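[1] here is a sequence together with a model predicted from it:
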Amino acid sequence: MNSQHSHRIILASTSPRRQELISSLRIPYEIIPSHADEDTLEDWTPREIVEGLALRKAEAVHRTCLTQTEPSIIVGSDTIVLLDNQVLGKPKDEQDAYVMLSSLQGKTHEVYTGVACIDVLTGRTLIRHRVTAVTMKSLSHRKIQAYVNSGEPFDKAGSYAIQGLGATLIDSIQGCYFNVVGLPLSLLTDMLSEFGVDVL
Ligand SMILES: Cc1cn([C@H]2C[C@H](O)[C@@H](COP(=O)(O)OP(=O)(O)OP(=O)(O)O)O2)c(=O)[nH]c1=O
């Protein structure tokens, strides 16, 4: 085994975007989808939501790996959009996606992503988050409806995907792009490094 990659990475996620992003790190990994519930309390701050849910996803997978003897790091992650102190998750339906995009257009919002890493053998846990500011262009009703009709908003926090057709809706961002897509690679590699796993 390469000493750089002394641990296998276990991504606790069903998100195809996160799977694609982690594969770009070129380290050995496997996917174990986490089916943790995503309920949160009313008084949680955005940071508490994304860090709490990232940890819950990683812990749910950790419970299934307790007998494992191979050194591994479990990675859980959660993304929300915050506009004027209001949390926007995934849209429930087309109407919900339309309303979210109408409120986001022409304004700057924040995307929070939490990342939790658990060392399977020792239980050592690190939890962090990143924030990226995203400014959306002013959009006509026709454009918003056309984007909703594309089907892309579903399954995406805030009802858009910056990595897809949604790129055409964005004016600018400040901060990590990968944080918006759902897995801040620069933060994650810093965290992995603290476990002795160096990507480069
Ligand atoms: C803002 C934005 C979000 N998203 C996605 C990333 C996440 O998959 C999703 C937020 O939902 P999450 O609940 O964070 O993740 P998930 O349910 O898709 O996957 P899992 O919990 O199994 O890891 O929104 C984009 O793909 N592009 C974007 O531009």
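    Received the coordinates, thanks.
[2] show me what the longest helix seen in the chain is packed up against.
    Ordering each helix of the chain by length in residues (DSSP state H) puts helix 46-64 first. With contacts taken as 3 or more C-beta pairs under 8 Å, 6 or more residues apart in numbering; DSSP states H and E, helix 46-64 sits against strand 72-83, strand 108-119, strand 125-136. For every residue, glycine as well, the C-beta is placed using N, CA and C.
[3] quick one: the ones you listed as TSV, columns for distance to the ligand, mean pLDDT and mean neighbour count too.
    Formatted as TSV, the helices and strands packed on helix 46-64 follow (distance: least, C-beta to the nearest ligand atom, whole Å; pLDDT from 0 to 100; neighbours: other C-beta atoms under 10 Å):
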stretch	distance to the ligand	mean pLDDT	mean neighbour count
strand 72-83	4	97	24
strand 108-119	5	98	23
strand 125-136	8	98	18
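[4] Ala157: which of these is closest?
    Closest of those to Ala157 is strand 72-83, at 4.8 Å (criterion: C-beta to C-beta).
[5] and the angle from that closest one to strand 108-119?
    Compare the direction of strand 72-83 with that of strand 108-119 by axes from the mean of the first three to the mean of the last three C-alpha atoms, to 10 degrees and you get 160 degrees.
[6] and strand 72-83, what does it pack onto?
    When contacts are defined as 3+ C-beta pairs under 8 Å, 6+ apart, strand 72-83 packs onto strand 8-11, helix 46-64, strand 86-88, helix 94-104, strand 108-119.
[7] what residues of the fourth one count as buried?
    If you call a residue buried by 16 or more other C-beta atoms under 10 Å, then helix 94-104 has these buried ones: 96-98, 100-101, 103-104.
[8] please apply the same query to the third one.
    Judged by neighbour count (16+ other C-beta under 10 Å), strand 86-88 contains these buried residues: 87-88.
[9] near the ligand, which residues of the protein? Just list them.
    Contact residues (C-beta under 6 Å from any ligand atom) of the chain with the ligand: 13-15, 17-18, 34, 57, 77-79, 81, 90, 111, 155-158, 160-163, 166, 180-182.
[10] can we see that at 8 Å?
    12-18, 33-34, 36, 38, 50, 53, 57, 76-81, 89-90, 111, 113, 134, 155-158, 160-164, 166, 180-182 (C-beta under 8 Å from any ligand atom).
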